[in-house]
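okay, predicted coordinates and the sequence, questions at the end:
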Amino acid sequence: MKKNKFRQAMILAASLSITLLANSSATAQEAGWPTKPIRFVVGYAAGGSTDVMARLIAPKISEELKQSVIVENKAGGNSNIGAQMVASASPDGYTLYLFTIANTINASLYGNMGYDPVRSFEPVGLIAKIPNLLVVNPALPIKTLSDYIKFAKESKDGITFASSGSGSSIHLSGEMFKMKTGLNMLHVPYRGSAPAVTDLLAGQVQSMFDNTPSAMPHVKSGKLRPIAITSKTRSPLLPDVPTVSESGFSGFEVQSWFGLSAPAGTPKPVVERLNAALNKALADPAVKHRLAELVAAPAPGTPDTMRNFVIQEVDGWREVVKTSGAKAE
């Protein structure tokens, strides 16, 4: 009996030693992180606003961490392919994802995305928010949001609004406004913002809740007329353009947004170091200047702030997607 008890005690002591050794090894690895290049996955092709955002902050994070941060474009499935890849990656801090509003909308659009936008990721922090801009073809007798509503009510065919695709934030901005007003608004989807804007300029469609950076060049040239912006406050670049909220629809706010995330289970010390590097990048004058050019507002904060925001966005878009009948393309 004594031998058995002694043997059991030895086995228990060995197990504890192995556990302590493994834990101390993991802690040492976290303390020394990063020791190799970091992959930064973007769920869209190069050149778009999401890709631009990633390539803006990646070099600054790289400088702070003293390690290469390599942007990888994994387009497809409205960003679901890239998101799924990161969600299933090792949670060691060496694979990151450029999380966007699309990932929270997709939760209601797709039956099975292969990941959960809340449970599959460890939020690091929000990067920036970009409002949408309601623009119309200047040939229309519309100069204010009241004019827009009047035109839609008095026209037997209502009013058309273009989008970059069914389920996009551009589309759902229009659907949300339609829900608020009860207007007869016909959605005309395109495969991307560029062809939608082309037809808007040509008068083939009448209006669009476009991402502000995409609409701005045409607004400046006078080829499109801005009616209202979907942010909570006016943009310094468009001080004369009122918000939808102040134009009679209190609480109306839609902004495309971007955040940094890692696979669920990524160690807290790694997440905290990434968050510090991100917030430092967002405070950099050159980054702030470039964001201002994109009509984007930096959104520094904590991982918990981003987590709560993502949960709120998933819940908020569910009702809009259901009411609009939007389907994944």
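Done, it's in. Numbers count the residues shown, from 1 in each chain.

Ala162: neighbour count?
27 (other Cβ atoms under 10 Å). C-beta coordinates here come from the backbone N, C-alpha and C atoms, glycine included.

repeat that for the one 10 residues further on.
By other Cβ under 10 Å, the residues close to Leu172 number 28.

what's it in contact with, if anything?
Leu172 sits next to Ile105, Val254, Trp317, Val320, Val321, Ser324, Ala326 when contact means Cβ atoms under 8 Å, 6 or more residues apart in numbering.

how does it look with 10 Å?
101, 105, 108-109, 132, 163, 166, 178-179, 187, 209, 254, 317, 320-321, 323-324, 326 (Cβ atoms under 10 Å, 6 or more residues apart in numbering).

quick check: phi and psi at it.
The phi/psi pair for Leu172 (degrees, to the nearest 10) reads phi -70, psi -20.

re the thing from before, the contacts of Leu172 in helices, which ones?
The helices, defined by DSSP state H, take in Ile101, Ile105, Ser108, Leu109, Lys178, Met179, Trp317, Val320, Val321, Thr323, Ser324 from the contacts of Leu172.

my guess is the first one meets Val320, correct?
No: counting by Cβ atoms under 10 Å, Val320 is not a contact partner of Ile101; they are 11.9 Å apart.

confirm that Ser235 sits in a helix.
No: under DSSP: H, G, I helix; E, B strand; the rest coil, Ser235 sits outside any helix and is assigned coil.

that one against Ala228, yeah?
No: using Cβ under 10 Å, Ser235 is not in contact with Ala228; the gap is 11.1 Å.

the more surrounded of the two?
Between Ser235 and Ala228, counted using other Cβ under 10 Å, Ala228 has the larger neighbour count: 27 against 20.

bridged to the more buried one, which residues?
Leu134 (DSSP bridges).

and it, what pLDDT?
Ala228 carries a pLDDT score of 97 in this model.

how about the contacts made by it?
Counting by Cβ under 10 Å, 6+ apart, the residues that Ala228 touches are 131-135, 144-145, 148, 177, 209, 234, 238, 241-249, 252.

so it versus Gly182, what's the distance?
17 Å (Cβ to Cβ, to the nearest Å).

picking that back up, the contacts of Leu172, buried ones only, as a ChimeraX selection?
Listed next is the ChimeraX selection for buried residues among these, using 16 or more other Cβ atoms under 10 Å:
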select :101,105,108,109,132,163,166,178,187,209,254,317,320,321,324,326
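
could you give the number of residues near Ile159?
Applying other Cβ under 10 Å, I find that Ile159 has 23 neighbouring residues.

wait, isn't it in contact with Lys153?
Yes: contact status for Ile159 versus Lys153: in contact at 9.2 Å, counting by Cβ under 10 Å.

between the two, which contacts overlap?
Leu183, Asn184.

all strands of the stretch 101-250 of the chain, in order?
Using DSSP state E, counting those that start in this stretch, the strands of the stretch 101-250 of the chain run over residues 121-136, 159-163, 185-189, 207-211, 225-229.

among those strands, which is the most enclosed?
strand 207-211 (a mean of 27; mean count of other Cβ atoms under 10 Å).

what's the helix or strand containing Ala292 in contact with?
Element membership for Ala292 (DSSP states H and E) is helix 285-293. Defining contact as Cβ under 10 Å, 6+ apart, one finds that helix 285-293 is touched by 52-53, 56-57, 59-60, 127-130, 213, 216, 235-237, 280-282, 284, 296-299.
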